[in-house]
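Visitor: Here is the input, now give the coordinates:
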Amino acid sequence: MCNPTVALLAVSGASAVLQYQQGKAQQKAQYEQQKRQNELAKQNAIQRYATEQLRIRQVADQSSAKGLEATLKARKARSEYISQAGDSGIALSGSTNALLANYYRTEGNYKNSLANNMNINISQFERNLQAIQFGQESQSTYVQAPNPNLLFASSALNVANTYYSLEYQKELAGLKTVNQKSTVDPTVNNMLNT
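Guide: Just a heads-up that it's a prediction; the model follows:
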């Protein structure tokens, strides 16, 4: 006949082996999922960085084009004014110089406004890059490598726990445990020898 304790320990051991293998596979899958999540977060951040850089380049190009357009327009207006004044034989006087100065002032104010707007866009661009970095960090996960040694130790402790639980239950039921069977009481030994 088979000893019930041995049979229960064998089942417990087999269960522990299966749990160990399943836990190891689960840890590996979780590790791979964590690495994939971090890779996706990184790719997302790279895409967002590229989009922001393209946007700021477009804004800078647009601002430069507007500045060039304003310069050309102002130069044309000044040259036409000077040309008309020269054609009519009028010398440039204080009021005409004031009018020319007004052209320069208007052009300068417009270019200053373009520069201020560009600085605001650059500041926003830098804040967006920080937000992208923070977003990547928040989307990333802590990567924990599989630890098969810990799983093995846990499984071995579960088998030992099962064994000692069975022994304790035997003791409570008044049956002899394996330890009690291996050590014989000296008084019983004396009785047997007489």
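Visitor: mind listing what the residue nearest the centre of the chain touches?
Guide: Taking C-alpha atoms, centre = their mean as the criterion, residue 140 is the residue nearest the geometric centre of the chain, at 2.1 Å. Contacts for residue 140 (C-beta atoms under 8 Å, 6 or more residues apart in numbering) come out as 37, 38, 41, 42. Any C-beta I mention is one placed from the backbone N, CA and C, and that applies to glycine too.
Visitor: Nearest to residue 158 among those residues?
Guide: residue 37 (30.8 Å; C-beta to C-beta).
Visitor: For the closest one, which non-adjacent residue is spatially closest?
Guide: Leaving aside its chain neighbours, residue 37 sits nearest to residue 141 (5.0 Å; criterion: C-beta to C-beta, 6 or more residues apart in numbering).
Visitor: in what helix or strand does that neighbour lie?
Guide: Taking DSSP states H and E as the definition, residue 141 sits outside all helices and strands.
Visitor: neighbours around it, how many?
Guide: As a burial measure, residue 141 scores 14 neighbours (other C-beta atoms under 10 Å).
Visitor: Does it touch residue 35 like I think?
Guide: No: Residue 141 is beyond contact range of residue 35, at 9.1 Å (criterion: C-beta atoms under 8 Å).
Visitor: circling back: phi, psi for the residue nearest to residue 37 please.
Guide: phi -130, psi 160 (degrees, to the nearest 10).
Visitor: what's the spacing between it and residue 49?
Guide: 20 Å (C-beta to C-beta, to the nearest Å).
Visitor: With residue 30 as the reference, measure out to residue 56.
Guide: 39 Å.
Visitor: Neighbours of residue 28, how many?
Guide: 13.
Visitor: Which element is encountered next along the chain beyond the host helix or strand of residue 84?
Guide: In this structure, residue 84 is located in helix 4-87 according to DSSP H and E. Downstream of helix 4-87, the next assigned helix or strand under DSSP H and E is helix 94-139.
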